[in-house]
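Peer 1: Return a 3D structure for these sequence lines:
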Amino acid sequence: MRGAPAVQAARVNPAPRAALRGTSTLGLNVPKRIVRRRSFAIEAEGVALAPSTERRLWRLARQDAPRTVAAWSDAVAPDDRCCAAPRASMAALALGDRDLARRIAEDALRLAEDFRDSWNHGNAIHRAHTVLGVLALRSGDAKAAVEHLHAAGAVTGSPQLKSFGPSMWLARDLLSAGESQAVLKYLEQCRSFWSMGDEWLRLWELKVRRGAMPNFAMHLLG
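Peer 2: Predicted structure coming up:
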C-alpha cells in the first residue's frame, strides 16, 4: 500500500520556504543548520495537513486497494501469500472491510512464523500488528491497540521499513485517543530499524511532546 501516500511531496501541502528562514519552525526551536540542510521534512510538517489533501491521499490509496487484495486472494503458494498479505491487510482496511482486514492480518502473522528468514518477515509483523491495532482501537480496546503498536515497532526491519519507514496509521489514531506516551515509545522503537528517518522521528517527537498532531502524510500506510 505504499503507493497511496507515496504521492509524496506534491501532495503534502508544504510550508512556504519563507517560513523556514528563522530559527523557529513548527513552533519549535530548530537550529539554522538543520533548516538549511534538511528542509523537506520541516516543510512537510510545517503546516497542518488540509482535510481535502488527506481525503485525496486516502482516495488514491483506495484506488489501488482492490488489486492489492486480489494479489493475496489469488496467491496459492505460501511464500507468495506471505509476500502479498502485509500490503493486502492494509488495503482491505483502507477499503473499510474490517473482517477481511483482520483475516489477512492474522494470515500474515501465521505465515511470518514459517518465513522467518524472508526479507518480508518484518513487513508482515509490522503491518499486521498495525492493522490489528487499528481494529482494536475502533472496537474500543485502547490497551490492545497500544500492545499492537509496540509489537509493530519491535521488528528488526526489512528493506522497505529501513528505506521508507514504518506506518503511522495506528500511531496517529492513538494520538487522537490521547495515548501520546505510547506513541513516543513507538517512535523511539522505530529508530532501531529506520536510521534514514531520524529527522522525521525527531520532528514527530517534538510535535507530540508539545501536544500537536504530526501530519504523517507520507507514512500513514507504510
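Peer 1: Mind jotting down where the helices sit in this structure?
Peer 2: 32-37, 39-44, 51-74, 78-94, 98-114, 121-138, 142-153, 159-164, 169-176, 180-190, 198-209 (DSSP state H).
Peer 1: what about dumping the CA coordinates of the third one to PDB?
Peer 2: As requested, C-alpha coordinates have been extracted for helix 51-74 and formatted as PDB (Å, rounded to 0.1, in the frame of the first residue of the first chain):
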ATOM      1  CA  PRO A  51      -8.600  17.900   5.200                       C
ATOM      2  CA  SER A  52      -9.000  18.000   1.400                       C
ATOM      3  CA  THR A  53      -5.400  16.800   1.000                       C
ATOM      4  CA  GLU A  54      -5.900  13.900   3.400                       C
ATOM      5  CA  ARG A  55      -9.100  12.900   1.700                       C
ATOM      6  CA  ARG A  56      -7.300  12.800  -1.600                       C
ATOM      7  CA  LEU A  57      -4.500  10.700  -0.200                       C
ATOM      8  CA  TRP A  58      -7.000   8.100   1.100                       C
ATOM      9  CA  ARG A  59      -8.900   8.200  -2.200                       C
ATOM     10  CA  LEU A  60      -5.700   7.400  -4.000                       C
ATOM     11  CA  ALA A  61      -5.000   4.500  -1.600                       C
ATOM     12  CA  ARG A  62      -8.400   3.000  -2.200                       C
ATOM     13  CA  GLN A  63      -7.900   3.100  -5.900                       C
ATOM     14  CA  ASP A  64      -5.100   0.600  -5.800                       C
ATOM     15  CA  ALA A  65      -6.500  -1.400  -2.800                       C
ATOM     16  CA  PRO A  66      -8.700  -3.900  -4.800                       C
ATOM     17  CA  ARG A  67      -5.700  -5.000  -6.900                       C
ATOM     18  CA  THR A  68      -3.600  -5.400  -3.700                       C
ATOM     19  CA  VAL A  69      -6.200  -7.500  -2.000                       C
ATOM     20  CA  ALA A  70      -6.600  -9.600  -5.200                       C
ATOM     21  CA  ALA A  71      -2.900 -10.300  -5.200                       C
ATOM     22  CA  TRP A  72      -3.300 -12.000  -1.800                       C
ATOM     23  CA  SER A  73      -6.500 -13.900  -2.600                       C
ATOM     24  CA  ASP A  74      -5.100 -15.100  -5.900                       C
END
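Peer 1: mean confidence for that helix?
Peer 2: In this model, helix 51-74 carries a mean pLDDT of 90.
Peer 1: For that helix, name the packing helices and strands.
Peer 2: Packing partners of helix 51-74 (3 or more C-beta pairs under 8 Å, 6 or more residues apart in numbering; DSSP states H and E): helix 78-94, helix 98-114. Backbone N, C-alpha and C define where each C-beta goes, glycine included.
Peer 1: And the helices of the chain: which comes nearest residue 220?
Peer 2: Proximity to residue 220, assessed across those by C-beta to C-beta, is greatest for helix 169-176 (4.9 Å).
Peer 1: So what touches the closest one?
Peer 2: 90, 130, 133-134, 137, 142, 145-146, 148-149, 152, 182-183, 186-187, 208, 213-214, 216, 220-222 (C-beta atoms under 8 Å, 6 or more residues apart in numbering).
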